[in-house]
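Novice: Mind folding the following:
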Amino acid sequence: MPMTVEQVLTETRRWPEEQVEMLFERLLAGNYRLPDPALDADWARELKSRVDDIESGREQGIPGEEAMTRARKIAGL
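Specialist: Here you go, the predicted model:
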C-alpha cells in the first residue's frame with residue numbers, strides 16, 4: 001500500500017537536510033515543465049517596468065506586511 005502524504009512528511013522529518021533537498025529537487029524536476037524563455041522575458045520586462053515606476057516615484061511601494069495582510073484578506077484567511 002502506498003504511503004500517504006502525511007506519512008511521507010513524517011518520515012522525511014527524520015532525514016538529513018541533504019536528503020530532503022535531493023528529494024525536493026527530484027520531485028520538482030519530474031513534475032514540472034521547464035520555464036518558457038519567452039514568458040520569462042515578458043516577466044522580466046514587466047518587473048523592470050514596475051521597479052522603474054517605483055524608483056522614479058510614479059508609483060509607491062507597499063510594505064511587505066501590509067501586502068500580506070491584504071492578500072490574506074482577499075484569500076479569506
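
Novice: What is the helix or strand bottoming out on mean pLDDT in the chain packed up against?
Specialist: Every helix and strand of the chain was ranked by mean pLDDT, DSSP states H and E. The lowest is helix 17-31, at a mean of 88. In terms of contacts (3 or more C-beta pairs under 8 Å, 6 or more residues apart in numbering; DSSP states H and E), helix 17-31 is packed against helix 5-12. For glycine as for every other residue, the C-beta is placed from the backbone atoms N, C-alpha and C.

Novice: mean confidence for stretch 50-61?
Specialist: Averaged across stretch 50-61, the pLDDT comes to 94.

Novice: And it, end to end?
Specialist: 10 Å (C-alpha to C-alpha, to the nearest Å).

Novice: how far away is the residue nearest to the spatial centre of the chain from Ala38?
Specialist: Centroid check for the chain by C-alpha atoms, centre = their mean gives Leu28 as the closest residue, at 12.4 Å. Counting by C-beta to C-beta, to the nearest Å, the gap from Leu28 to Ala38 is 21 Å.

Novice: buried ones in stretch 54-71?
Specialist: By neighbour count with 16 or more other C-beta atoms under 10 Å, stretch 54-71 contains no buried residues.

Novice: Run through who's touching it.
Specialist: Under the criterion C-beta atoms under 8 Å, 6 or more residues apart in numbering, residues 50, 53 lie in contact with stretch 54-71.

Novice: gap between the two ends of it?
Specialist: 20 Å.

Novice: returning to that earlier point: with just CA atoms, put the least confident helix or strand of the chain into CSV.
Specialist: Only the C-alpha atoms of helix 17-31 are listed here, as CSV (Å, rounded to 0.1, in the frame of the first residue of the first chain):
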residue,chain,number,x,y,z
GLU,A,17,18.7,18.0,5.3
GLU,A,18,20.7,17.0,2.2
GLN,A,19,18.4,14.0,1.6
VAL,A,20,15.3,16.2,1.9
GLU,A,21,16.8,18.7,-0.6
MET,A,22,17.6,15.9,-3.0
LEU,A,23,14.0,14.6,-2.8
PHE,A,24,12.6,18.0,-3.3
GLU,A,25,14.8,18.7,-6.4
ARG,A,26,13.9,15.3,-7.9
LEU,A,27,10.2,15.9,-7.3
LEU,A,28,10.4,19.3,-9.0
ALA,A,29,12.4,18.0,-11.9
GLY,A,30,10.0,15.2,-12.5
ASN,A,31,6.7,17.0,-12.1
